[in-house]
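In: Quick one, structure for this:
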Amino acid sequence: MNIICNEKGMSVEAQTTLFYVLEQTGFHNQTGIAIAVNNCVIPRTKWESHELLEGDKILVIQATKGG
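Out: Below is the predicted model of the structure:
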């Protein structure tokens with residue numbers, strides 16, 4: 001199935017979890033990030049169990065330092 005992660009298309013197996021995609025993109029170990037799927041924030045406690053659907057749009061937002 002096809003999904004979009006940070007505006008980049010990806011092809012993944014059916015019943016793929018959000019955590020799997022985060023592993024594949026290198027975001028799974030990063031701190032200070034928030035994840036939204038189809039504009040709905042997914043709590044970190046749900047990343048491993050949240051199954052993705054065809055066409056889902058994932059947005060990874062990382063906090064940055066600055067002022």
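
In: buried stuff in stretch 52-67?
Out: 52, 56, 58, 60 (16 or more other C-beta atoms under 10 Å). C-betas here are computed from N, CA, C, even on glycine.

In: how about low-confidence regions in the chain?
Out: By pLDDT under 70, the weakly predicted segments of the chain are 67.

In: which residue ranges form the strands in it?
Out: With strands called from DSSP state E, the chain shows them at 2-5, 8-11, 33-37, 40-42, 57-62.

In: Which strands border the second one, and is each parallel or antiparallel?
Out: Yep, that's strand 8-11 we're talking about. Here strand 8-11 is paired, per DSSP bridges, with strand 2-5 (antiparallel).

In: Restricting the selection to alpha carbons, write the partner strand to PDB.
Out: The C-alpha trace of strand 2-5 is given here as PDB (Å, rounded to 0.1, in the frame of the first residue of the first chain):
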ATOM      1  CA  ASN A   2       1.100   3.600  -0.500                       C
ATOM      2  CA  ILE A   3       1.500   6.200   2.200                       C
ATOM      3  CA  ILE A   4       3.100   9.600   2.500                       C
ATOM      4  CA  CYS A   5       5.600  10.500   5.200                       C
END
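
In: Now do the buried residues in that strand.
Out: 3, 5.

In: what does that strand contact?
Out: Identification of contacts with strand 2-5 by C-beta atoms under 8 Å, 6 or more residues apart in numbering yields 9-12, 16, 21, 25, 52, 54-58, 60.
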